[in-house]
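[1] mind folding the following:
(one chain, ligands or ions: 1)
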Amino acid sequence: MPELPEAEVVARQLRDKLLGATLAGIWIGRADIVREGYPTRAWYENAGLESVSRYGKSVALAFKKDNQVRYLVAELGMTGLLLFPSAQVKHPQHVHVRLTFAGGGETEVRYWNPRRFGRMSLVDQTGLDRYIERRFGCDPLSVEQPEFSRILKVRRGRLKPLLMHQQIIAGIGNIYANEILFRVGLHPNAQASRLSHAKIERLYRVMREVLQEAIFCGGSSVKDFFAPDGTQGKYKQHHLVYGKEGEPCPNRCGKVIRRLQSERSSFYCPTCQRSS
Ligand code: ZN
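    The predicted structure is shown next:
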């Protein structure tokens, strides 16, 4: 579930509480949670937290020691959480990594993820560059509009899967794709390459508005998303179509919100959302 807004909320809280703190200890409960770099884990002890960045739905912590920088990248994916000790976890057996900090506003960050394999990477700059290049397309919050238009124009296929294709546009998942498309008035099956210039401009603007507003609300807590401090995101209260099958269209067009037959998780209004 965590998508771009939730990952951004996580990155901001970590930055807020732990920038400049020293990593006093790193405990990894099982080696197979680390996708790459497991043998380098001892390096991280006594390194300082230099910066926290978000890439798509992942969060990268940059540590510095002896003029060397290495990264710890945590995938939030469908189920991952990074939590401070004050946040209560339902199934503590899924805490696979504990980072202990000294000199920060929090003493620990726990990586909680019920899916175990390869969800964290310990990499140097080259490894991080490779990681980003392999996994992430443009970022919806930093891509310029002409580049976004070009990306849409050259792709054949349906709009909703394109918005959710992480290697093309990184960070949007099912919830925000549904919400963005309803607000733009575009059908999930619209052909991306056939959209008019004006429609693409509007899509670009609405996409960013929705994501920014969701970040402002602390994200959406749908399937157990908690920020590091344990708070839930409030953007769920602003959802217009996601999970609203059978409810009247918020535009008061007289129709009810439906699900795509082929895709049970696509919600849309048959009247307000057009194919072009
Ligand atoms: Zn409608």
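[2] can you give me the strands in the stretch 101-250 of the chain?
    Assigned by DSSP state E, counting those that start in this stretch, the stretch 101-250 of the chain shows strands spanning 108-112, 120-123.
[3] quick one: closest of the ones you listed to the ion.
    Among these, strand 108-112 comes nearest to the ion, with 38.7 Å by Cβ to the ion. Glycine gets a C-beta too; all of them are placed from N, C-alpha and C.
[4] grab the nearest non-local neighbour of the residue of the stretch 51-200 of the chain at minimum distance from the ion.
    Using Cβ to the ion, the closest approach of the stretch 51-200 of the chain to the ion is made by residue 182 at 8.4 Å. In space, and not counting its chain neighbours, residue 182 is closest to residue 241: 4.5 Å by Cβ to Cβ, 6 or more residues apart in numbering.
[5] ok, now residue 212?
    The shortest distance from residue 212 to any non-neighbouring residue, by Cβ to Cβ, 6+ apart, is to residue 141 (7.4 Å).
[6] next one: that neighbour from residue 190, what distance?
    23 Å (Cβ to Cβ, to the nearest Å).
[7] ok, these two, which is more surrounded?
    Set residue 141 next to residue 190 and count neighbours by other Cβ atoms under 10 Å: residue 190 wins out with 22 against 15.
[8] and that one, what does it touch?
    For residue 190, the contacting residues are 158, 159, 274, 275, 276, by Cβ atoms under 8 Å, 6 or more residues apart in numbering.
[9] only whichever of the residues you listed are buried, select them in ChimeraX.
    Selection of buried members from those for ChimeraX, criterion 16 or more other Cβ atoms under 10 Å:
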select :158,159
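[10] which of the contacts of residue 190 lies closest to residue 227?
    In terms of Cβ to Cβ, no member of those lies closer to residue 227 than residue 159, at 30.1 Å.
[11] right, and the closest one touches residue 184 too?
    No: counting by Cβ atoms under 8 Å, residue 159 does not reach residue 184; the two are 9.4 Å apart.
[12] can you count the residues close to the residue nearest to residue 85 when sequence neighbours are not counted?
    Nearest residue to residue 85, sequence neighbours excluded (Cβ to Cβ, 6+ apart): residue 108, at 5.0 Å. The number of residues packed near residue 108 is 17, by other Cβ under 10 Å.
[13] shouldn't residue 108 be in contact with residue 102?
    No: the criterion here is Cβ under 8 Å, and residue 108 misses it with residue 102 at 10.5 Å.
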